[in-house]
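1. Here's a sequence, model it:
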Amino acid sequence: MSESTEMYLETILVLHLRNGDVHATDIAKEMHFSKPTISQQMKRLVKAGYVSIDGNNHISLTDSGMKIATDIYARHNKLSEIFEYIGISKEQAVADACRIEHYISPETFEALKAYFDPKMHTEN
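-> All right, here's what the predicted structure looks like:
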């Protein structure tokens, strides 16, 4: 799975959670890409089975697209939380999590969660 695909799917999920309906123009604004670039990528994601587009041009995640998007989004949120816990500013924690979420191995991510979750939830 490419970082680009993960970013598009996560962006669609975030926009859906924020606004409900998602259109190509929403994705273009959020990702700072042109509408033609987004349209090309949506065709690719439809072909891959991650996204569907209805007659009103509403973009939705398929079950497989939703699984990937929710996994990436959860990883992003957990990494941000861990980084803030160790003293990184919220803005930097979010920015770093956005980059790392695509490259961290499942083994390392699970180890970080196992190490930090008990500490973060008992020291409040």
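2. CA only for contacts and neighbour counts going forward, please
-> Fine.
3. Surely residue 81 is in a helix?
-> Yes - assessed with DSSP: H, G, I helix; E, B strand; the rest coil, residue 81 lies in a helix.
4. ok, now how distant is it from residue 114?
-> 13 Å (C-alpha to C-alpha, to the nearest Å).
5. Please apply the same query to residue 94.
-> Residue 94 is 20 Å from residue 114, by C-alpha to C-alpha.
6. More neighbours: those two, which one.
-> residue 94 (19 against 11; other C-alpha atoms under 10 Å).
7. Under the pLDDT cut-off, which ranges of the chain? List them.
-> 123-124 (pLDDT under 70).
8. Which residue ranges of it form helices?
-> 3-19, 24-31, 35-48, 63-85, 90-100, 106-122 (DSSP state H).
9. Make JSON lines from the ones you listed and add distance to residue 54 to it.
-> Shown next, in JSON lines, are the helices of the chain (distance: least, C-alpha to C-alpha, whole Å):
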{"stretch": "helix 3-19", "distance to residue 54": "15"}
{"stretch": "helix 24-31", "distance to residue 54": "12"}
{"stretch": "helix 35-48", "distance to residue 54": "11"}
{"stretch": "helix 63-85", "distance to residue 54": "15"}
{"stretch": "helix 90-100", "distance to residue 54": "29"}
{"stretch": "helix 106-122", "distance to residue 54": "34"}
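10. Of all those helices, which one is nearest residue 56?
-> helix 24-31 (11.4 Å; C-alpha to C-alpha).
11. Off-centre distance for that closest one?
-> From the chain centre to the centre of helix 24-31 is a distance of 14 Å (C-alpha atoms, centre = their mean, to the nearest Å).
12. Tell me, how many residues neighbour residue 76?
-> Neighbour number of residue 76 under other C-alpha under 10 Å is 22.
13. so what's it up against?
-> 94, 97, 98, 101 (C-alpha atoms under 8 Å, 6 or more residues apart in numbering).
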